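*Asks:* Here is a sequence with its predicted model. Questions after.
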Amino acid sequence: MKIAVYNNSGQEIKQIELADDVFAVPMNTAVVHQTVVAQRNNARQGTSSTKNRSMVKGSTRKLFRQKGTGNARMGSITNPLRRSGGTIFGPAPRDYSQSINKKMRRLAIRCVLSDKARNGDLKVVETLNFEAPKTKDMVAFLTALNVINRSALVATGGVNENVVKSARNIQKVTTTPANLLNVYDIITHRTLIVTEEAVRQMEVLWGSKAE
């Protein structure tokens, strides 16, 4: 498929051919969902911890006799029903990690990239390089592409410090090198902006020849 390439002023300057095995793949919702769930689970630390009644420090003496007081029967001070007692069914440290094989992960990223291309939410720019880190330059660039009021993910061929610093103070705008693109970041941003260099890297990384 062909897609327009823009300059930093938002003007279309040419068209390039995109690899169909990366940017024209049918959507597989099940694979994308499973990949996102695994990615989110792998980001969890799993360090939440509470103490049950056996872990709470306190006397084990029965607070008052069982019968004859008119009160509800009560055991030790560590009872979960009392203040400073143990927690009932509280969280404990656990491993949330979920493995997903390479083929599924590659298919998921192809699906979301193809979906962006089909819906017109993929913008390709010839180059993206600022002489100095200035937020107003990035705002002007996004305005020229008509994506200033949308969430945007900007992918470059490599780490571009001026681009990163120019975008870090703009809400809903994230920058990343092309080789670090992931499914969750792509689907949580409305528009994906990539340089021509980044497009070619993506075709090499996730194309059929890389398998």
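*Replies:* Thanks, I have the structure now. Residues are numbered from 1 along each chain as shown.

*Asks:* hey, let's count contacts and neighbours off CA atoms from now on
*Replies:* Noted.

*Asks:* my guess is residue 26 meets residue 113, correct?
*Replies:* No. Counting by Cα atoms under 8 Å, residue 26 does not reach residue 113; the two are 10.3 Å apart.

*Asks:* So these two - more neighbours on which side?
*Replies:* Neighbour count, other Cα atoms under 10 Å: between residue 26 and residue 113, residue 113 has more, with 23 against 13.

*Asks:* Pull the number of nearby residues for the nearest residue to residue 172 once chain neighbours are set aside.
*Replies:* Closest residue in space to residue 172, ignoring its immediate chain neighbours: residue 151 at 4.6 Å, by Cα to Cα, 6 or more residues apart in numbering. The number of residues packed near residue 151 is 16, by other Cα under 10 Å.

*Asks:* now swap in the one 3 residues further on and tell me
*Replies:* The tally of other residues near residue 154 (other Cα under 10 Å) stands at 24.

*Asks:* so who does it touch?
*Replies:* By Cα atoms under 8 Å, 6 or more residues apart in numbering, the residues touching residue 154 are 173, 174, 175, 176, 192, 193, 194.

*Asks:* Any chance of those in CSV with distance to residue 146 as columns?
*Replies:* Output for the contacts of residue 154, formatted as CSV (distance: Cα to Cα, whole Å):
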residue, distance to residue 146
173, 13
174, 16
175, 17
176, 20
192, 12
193, 11
194, 15
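
*Asks:* so which of these is the most crowded?
*Replies:* residue 194 leads those on contacts (other Cα under 10 Å) with 26 neighbours.

*Asks:* which other residues reach the biggest helix by length in the chain?
*Replies:* Ranked by number of residues, the top helix in the chain under DSSP state H is helix 102-118. Residues outside helix 102-118 that contact it (Cα under 8 Å, 6+ apart): 21-28, 31-32, 35, 122, 182-183, 186-187, 191-192, 206.
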